[in-house]
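K.L.:
need coordinates for the below:
(2 chains)
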Number of protein chains: 2
Amino acid sequence: MCQLLGMNCNVPTDICFSFEGFSARGGRTDDHADGWGIAFFEGRGCRTFMDQKSSTTSPVADLVKRYPIKSTHVIAHIRKATQGAIALENCHPFQRELWGRYWVFAHNGNLEGDLQALRTYPTDRYQPVGQTDSEQAFCLILEKLRHHFPDRKPALGDLYPVLQDITATLATFGTFNYLFSDGDSFFAHCSTNLHYIVRQAPFAAAHLVDEDLTVDFSELTTPSDRVAVIATLPLTDNEAWTKIQPGELLAFRDGVLI
Amino acid sequence: MCQLLGMNCNVPTDICFSFEGFSARGGRTDDHADGWGIAFFEGRGCRTFMDQKSSTTSPVADLVKRYPIKSTHVIAHIRKATQGAIALENCHPFQRELWGRYWVFAHNGNLEGDLQALRTYPTDRYQPVGQTDSEQAFCLILEKLRHHFPDRKPALGDLYPVLQDITATLATFGTFNYLFSDGDSFFAHCSTNLHYIVRQAPFAAAHLVDEDLTVDFSELTTPSDRVAVIATLPLTDNEAWTKIQPGELLAFRDGVLI
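P.N.:
Model prediction:
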């Protein structure tokens, strides 16, 4: 299994505080030490940092902790390998282009069985590069979306039920918690474990579970800021996180659930 | 315009020395300061580091200089914007998946005219995310390769003439120096300026043009190592670089020209 961390905000925000606690679970406070990755959307652009080393020993993770990249859509992952070797091509998040936008996907869980049997379209265009069930599932989601909307990205109301349908199908193969975004939409699906919190005015201090570190967000924010943080397990011990229910597919925009 | 740096080796090698000199051209010894990027293949996996900041001021470039990532196929780029804003989505190298492999592309030059007129296939799958002529050209190359070989990667002898054909077409739109790789094949096309050197035993010391820095490769290599370095302009001033001729499309493997 693995752990997920996501962030969606109405103004570009850095994720240094949350990543500090999250990355500690990659070998220090938990055992998800088989690689990690994080994707930041900046406008239409997206950059991913990843390493097959653990997030507690990776020099790249050090950079991410120290370099405050401001983004509205972030997806991070620490890996505990189930399927696929410990190798760069099996690190999440995965990235592909659809409708002239980059889409990024990270998965916590394990899907077993013949996922390839779901490949029913003759014009399959998305092929996995690595050996994980997760990347296979990601490719199948994109294939389905492209099949239904070949030319351009539809409105959320049209996209959501198609995503929900393929998600429900894939979830019959096993545990399927995921985060999925194109820097505009932001989706979180819970199969077993996924929590979120929306931070907005009045901001308060937050204390990490995994490090003895407190940040007073009231000193770092403006009253109109709004930040949704989504994580496998709550990252702070003095805030009220909401557990997403199994089977729920949530969509966030501008830091709120829509 | 921009500058390109590529490396192809028979054993995973770090590019720290070459990148030290190359990145100086992103604002210190030359004026390619509108962003930069570098892609490292490690097995089938690929990771790209990029920043819209210049390579002389970017904390991410600092990491790349200090963290010796060993790779057999590397493509780097420093940007001087012609088309497309200074933004992350316009930083090279660009990446897409084809035939279950990541393909990476970086361009030096400027293509003008209606590149979209080359989109003749009804099943176009590769769409640019940013606004550069370079990413458009990359998408057109992939589209052509996929059109000719829809199912799987062909042998080099079959792939090369198709790549040469689309390259010649694109080169009629302007200056089109590029590097292109999937971590297996490695192509370099020269339209105006591109040089290469193959370092192999007996290794000697090399001195950078852009920094007063010398490395004695005989101390860092084994006799069977072989490294091809490709760059817009030679990176060292005491080695014999070969100028690639305009119109030449070279293929490298295991550090040699094939």
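K.L.:
and the residue of the stretch 101-250 of chain A nearest chain B?
P.N.:
Taking CB to the nearest CB, chain B has its nearest neighbour within the stretch 101-250 of chain A at A:Gln127, 3.7 Å off. C-betas here are computed from N, CA, C, even on glycine.
K.L.:
confirm that A:Ala61 sits in a helix.
P.N.:
Yes. Under DSSP: H, G, I helix; E, B strand; the rest coil, A:Ala61 falls within a helix.
K.L.:
A:Gly37 is in contact with that one, correct?
P.N.:
No. A:Ala61 lies out of contact with A:Gly37 (CB atoms under 8 Å); the separation is 9.7 Å.
K.L.:
can you work out which residues contact both of those two?
P.N.:
A:Phe49, A:Asp51 (CB atoms under 8 Å, 6 or more residues apart in numbering or on different chains).
K.L.:
which residues sit in contact with A:Thr169?
P.N.:
Listed by CB under 8 Å, 6+ apart, the contact set of A:Thr169 reads A:Leu118.
K.L.:
for A:Asn108, that is, sorry about that
P.N.:
Counting by CB under 8 Å, 6+ apart, A:Asn108 makes contact with A:Met1, A:Cys2, A:Gln3, A:Leu4, A:His77, A:Thr175, A:Asn177, A:Tyr178, A:Asn193, A:Leu194, A:Thr232.
K.L.:
and those residues as a markdown table, adding pLDDT and secondary structure?
P.N.:
Putting those into a markdown table (pLDDT from 0 to 100; DSSP: H, G, I helix; E, B strand; the rest coil) gives the following:
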| residue | pLDDT | secondary structure |
| --- | --- | --- |
| A:Met1 | 70 | coil |
| A:Cys2 | 89 | strand |
| A:Gln3 | 94 | strand |
| A:Leu4 | 96 | strand |
| A:His77 | 94 | strand |
| A:Thr175 | 97 | strand |
| A:Asn177 | 98 | strand |
| A:Tyr178 | 98 | strand |
| A:Asn193 | 96 | coil |
| A:Leu194 | 97 | coil |
| A:Thr232 | 96 | coil |
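K.L.:
contact distance from chain B - what residues of the stretch 51-200 of chain A qualify?
P.N.:
When proximity is defined as CB under 8 Å from any CB of the partner chain, the stretch 51-200 of chain A approaches chain B at A:51-52, A:59-60, A:63, A:66-67, A:87-91, A:95-97, A:99-102, A:123, A:125-130.
K.L.:
pLDDT score for A:Pro122?
P.N.:
A:Pro122 is assigned a predicted lDDT (pLDDT) of 58.
K.L.:
how about the one 3 residues further on?
P.N.:
A:Arg125 is assigned a predicted lDDT (pLDDT) of 83.
K.L.:
now it. Its backbone dihedrals?
P.N.:
Dihedral angles phi and psi of A:Arg125 (degrees, to the nearest 10) take the values phi -120, psi -20.
K.L.:
measure how buried the nearest residue to it once chain neighbours are set aside is and give me the count.
P.N.:
Nearest non-adjacent residue to A:Arg125, counting by CB to CB, 6 or more residues apart in numbering or on different chains: B:Arg125, 4.8 Å away. Neighbours of B:Arg125 under the rule other CB atoms under 10 Å in any protein chain shown: 19.
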